[in-house]
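J.: Here is the input, now give the coordinates:
(one chain, ligands or ions: 1)
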Amino acid sequence: MTQSANQTPSETAPRRKNGNAGSERVDIVIIGAGFAGMYMLHKARELGLSAVVLDKANGVGGTWYWNRYPGARCDVDSIQYSYSFDEDLQQEWEWSEFYATQPEILRYANHVADRYDLRRDMRFNTAVVSATFVEGANGKRTGHWLVETQGEHAGRIEASFCVMGTGCLSTPNKPKIEGLDDFAGETYHTGLWPHEAVDFTGKRVAVIGTGSSAIQSIPEIAKQAAHLTVFQRTPNYTIPARNHPLDPVEYTKTKARYRELREEAKKQPNGLFYDFNPKGALEVSEEERRAEFERRWAVGGTMFVGAYADLMKNTDANETAAEFVRSKIREIVEDPETAEKLSPDNVFGCKRLCVDTDYWATYNRDNIELVDVSDEPIERILPEGVKVGGKVYEVDALVLATGFDAMTGAMLNIDIRGRGGLPLREKWAEGPYNYLGLAVAGFPNMFMVAAVGSPAVFANVLTGIEQHIVWIADCLGYMNEKGLGEIEAEEAAEADWTEHMREIGEASLRSQCDSWYVGANIPGKPRVFTPYIGTVPDYDKRCDEAARKGYEGFRLL
Ligand code: N01
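T.: Below you'll find the predicted structure:
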């Protein structure tokens, strides 16, 4: 570490900007100005460490900066999808709706950046191209990271530590469909939506994809467009959001117990205060089961999965939920043929469960058409539209709701090289080996936040981020106290963790279908179950235990 806790960042961090030759030096370089990067910077300052945050966006917010498509909102309730680290912050911020919209979440991110004066150590419009671990030389025991950037603050930064706040769903997947670049109209990707308003009034629009982003945007686009054609490869399960303004009386009561509720949430399997039913779906009568599903359907949201403890463990139990949702599709969608096409037959919740507002009812509109491309893929994009099975669907605008190169895409887009020049792309060629979702053997002093190997995407990403950053900050404090400069995951610990990840991943029903969880949405990506699918308390315990045992599984120098 380059700095002791009582030095101020300005004492040790000469700043150099705008492509000057030479490197500046900081304690921590943080990649990504989303919720992970923002909190990491705040924590670094608390430790008295110098840090700089780099982001190719022109502002904070990460995923919420880019995903501005119509209807974008979070499907974790806003009271929980927010930082908990500062009681004053959580008391002063007022959410307006149960599920916050993208603009409201982005306002919150900006509020946090202002409140903690984060921007002065952030560099926007600046992409990280490479990060190289430089071994200690000239009598120095420990090495450092050399990060090269392009854009507004192009240059080189040396840092003792590199923290990847690069996100799980931040590298948009542009599908390899022939002719895509020949399309004559406007093309949008939900994960890279323009900042200017997009007006589909009077236009014929095509949406490719039916994942969460499509399911949120389709009802909104259909309201505006003259005609909407949806190209569906795999139908998805979705539960109505039943979004509503927050009741001020209930909100006040929640705030009075906010800290306590957050602590309770950490003990829940998915880190959220949630209504979990301990019973199994097959232990109860059909009437009782239907009543429970109906009750949860009426409440709305992903809490539907909590209806029975075995829904994601037992195929027969899972099928009861799957069939319930299919019965709802048949009830809502007037045209039986369309209802049939919209009905998924894979494991319920295997691909990430979606949450919607009027998704299926939208197919009752006169201006929408569903094209099933499961058997016959999109042949090509022509300047005038989308060609499937010899038929051309003429459109003026194309919306790619085709998801992300998830979990590993953002890190692998950067040329990261560890000890001995080992490229991360090579190390991860057969799967993202890591230890505790925090570190990678051969890549000393590099930490990942709420990414591969962590349970965050199955839980509350915000509290997953907080747990990781507190762990990293404690680790940095420990190293400072002990006069240590280097930490690296041991290969044996990494191998054990990776095996544990494989075992629990394969045991889960969620590994049975082609989803971004297993990298199946990206051609050529190794099929590996990438998030940690154990419970949040179990995961937190493992991280805490490693720390308590003097960072067991890590080599410290
Ligand atoms: O992406 P997806 P997403 N031809 O990968 C289809 C989070 N999120 O952006 O399933 C035709 O789920 C693809 O088809 P298939 C959330 O974690 C959260 O919607 O591969 N179709 C699929 O239908 C979510 O899970 C929120 O057969 C093609 C779709 O594109 C994650 O982000 C909101 C195709 C991609 O679906 C990703 O969601 C939004 C092709 N060539 C997102 N290529 C909330 O908090 C791909 N597809 C609410």
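J.: number of nearby residues for Lys525?
T.: Applying other CB atoms under 10 Å, we find 19 other residues in the vicinity of Lys525. C-beta here means a position set from N, CA and C on the backbone, and glycine is covered the same way.
J.: so how far is the ligand from it?
T.: 12 Å (CB to the nearest ligand atom, to the nearest Å).
J.: contacting residues for that residue?
T.: Counting by CB atoms under 8 Å, 6 or more residues apart in numbering, Lys525 makes contact with Asp405, Thr408, Gly519.
J.: Near the ligand, which residues of the stretch 151-300 of the chain are found?
T.: 169, 175, 177, 190, 208-214, 216, 231, 233-234 (CB under 6 Å from any ligand atom).
J.: that older thread, ok, the contacts of Lys525 vs the ligand, which is closest?
T.: Among those, Asp405 lies closest to the ligand (CB to the nearest ligand atom), at 9.8 Å.
J.: If we ignore the residues flanking it in sequence, what's nearest the closest one?
T.: Nearest non-adjacent residue to Asp405, counting by CB to CB, 6 or more residues apart in numbering: Thr171, 4.3 Å away.
J.: next one: phi and psi at the one you found?
T.: Main-chain dihedrals, Thr171, degrees, to the nearest 10: phi -110, psi 100.
J.: Drop anything exposed from the contacts of Lys525.
T.: Asp405, Thr408, Gly519 (16 or more other CB atoms under 10 Å).
J.: In contact with the nearest residue to the second one once chain neighbours are set aside, which residues?
T.: The shortest distance from Thr408 to any residue that is not its chain neighbour, by CB to CB, 6+ apart, is 5.0 Å, and that residue is Pro432. The contact partners of Pro432, taken as CB under 8 Å, 6+ apart, are Met407, Thr408, Val452, Gly453, Val528, Thr530.
J.: Can you turn the buried part of the residues you listed into a ChimeraX selection?
T.: Buried members of the contacts of Pro432, defined by 16+ other CB under 10 Å, are picked up in ChimeraX with:
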select :407,408,452,453,528,530
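J.: Including pLDDT, could the contacts of Pro432 go into a markdown table?
T.: Compiled in a markdown table, these are given as follows (pLDDT from 0 to 100):
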| residue | pLDDT |
| --- | --- |
| Met407 | 97 |
| Thr408 | 97 |
| Val452 | 96 |
| Gly453 | 96 |
| Val528 | 96 |
| Thr530 | 96 |
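J.: pLDDT on the helix ranked longest in the chain, on average?
T.: Longest helix of the chain, by residue count under DSSP state H: helix 461-482. For helix 461-482, mean pLDDT is 97.
J.: Can you give me the buried ones in it?
T.: Quick answer for helix 461-482 (16+ other CB under 10 Å): 461-469, 471-477, 479-480.
J.: Quick one: residues in contact with the following helix or strand past that helix.
T.: Using DSSP states H and E, the helix or strand that directly follows helix 461-482 along the chain is strand 487-489. Here strand 487-489 makes contact (CB under 8 Å, 6+ apart) with 419, 434-436, 438-445, 475, 479, 551, 553-557.
J.: What mean pLDDT does the helix or strand following strand 487-489 get?
T.: Where DSSP H and E defines the elements, the next helix or strand beyond strand 487-489 is helix 491-507. Averaging pLDDT along helix 491-507 gives 96.
J.: immediately after helix 491-507, which helix or strand?
T.: Following helix 491-507 toward the C-terminus (DSSP H and E): helix 536-548.
J.: Could you give the separation of that following helix from the chain centroid?
T.: In this view, helix 536-548 has its centroid 21 Å away from the chain centroid, taken as CA atoms, centre = their mean, to the nearest Å.
J.: could you point out which element follows it?
T.: Helices and strands here follow DSSP H and E; after helix 536-548, the next one along the chain is strand 554-556.
J.: List the buried residues in that following strand.
T.: In terms of neighbour count (16+ other CB under 10 Å), strand 554-556 has its buried residues at Phe554.
J.: What ranges in the chain fall below the confidence cut-off?
T.: For the chain, residues meeting the criterion pLDDT under 70 lie at 1-22, 138-139.
J.: Kindly report the residues of it close to the ligand.
T.: Residues of the chain lying near the ligand by CB under 6 Å from any ligand atom: 74-75, 169, 175, 177, 190, 208-214, 216, 231, 233-234, 352, 355, 373, 378, 401-404, 516, 521.
J.: Okay, and which of those map to strands?
T.: Judged by DSSP state E, strands contain the following of the residues of the chain next to the ligand: Ile208, Phe231, Val355.
J.: His244: which of those residues is nearest?
T.: Of all those, His244 sits closest to Val355, with 13.4 Å by CB to CB.
J.: list the contacts for the closest residue to the closest one other than its chain neighbours?
T.: Among residues not flanking Val355 along the chain, Asp75 sits closest, at 3.9 Å (CB to CB, 6+ apart). For Asp75, the contact set (CB under 8 Å, 6+ apart) comprises Tyr99, Ser212, Ala241, Gly301, Thr302, Cys354, Val355.
J.: How much space separates the closest residue to the ligand within the stretch 401-550 of the chain from Gly191?
T.: Using CB to the nearest ligand atom, Gly403 is the residue of the stretch 401-550 of the chain that sits closest to the ligand, at 2.5 Å. Distance of Gly403 to Gly191, given as CB to CB, to the nearest Å: 8 Å.
J.: Mind listing the shared neighbours of those two?
T.: Shared contacts of Gly403 and Gly191 (CB under 8 Å, 6+ apart): Leu169, Pro172, Ser213.
J.: which of those tops the neighbour count?
T.: Neighbour counts for those, by other CB under 10 Å, peak at Ser213, which reaches 27 neighbours.
J.: wait, that residue sits on Thr190?
T.: Yes - using CB atoms under 8 Å, Ser213 is in contact with Thr190, at 3.9 Å.
J.: tell me, what's touching these two both at once?
T.: Both Ser213 and Thr190 are contacted by Asn67, Tyr69, Ala72, Ala401, under the criterion CB under 8 Å, 6+ apart.
J.: Dihedrals phi and psi, the third one?
T.: For Ala72, the backbone dihedrals (degrees, to the nearest 10) come out as phi -70, psi 120.
J.: if I pick the closest residue to it other than its chain neighbours, what's in contact with it?
T.: Nearest non-adjacent residue to Ala72, counting by CB to CB, 6+ apart: Gln102, 3.9 Å away. Listed by CB under 8 Å, 6+ apart, the contact set of Gln102 reads Trp64, Asn67, Arg68, Ala72, Arg73, Cys74.
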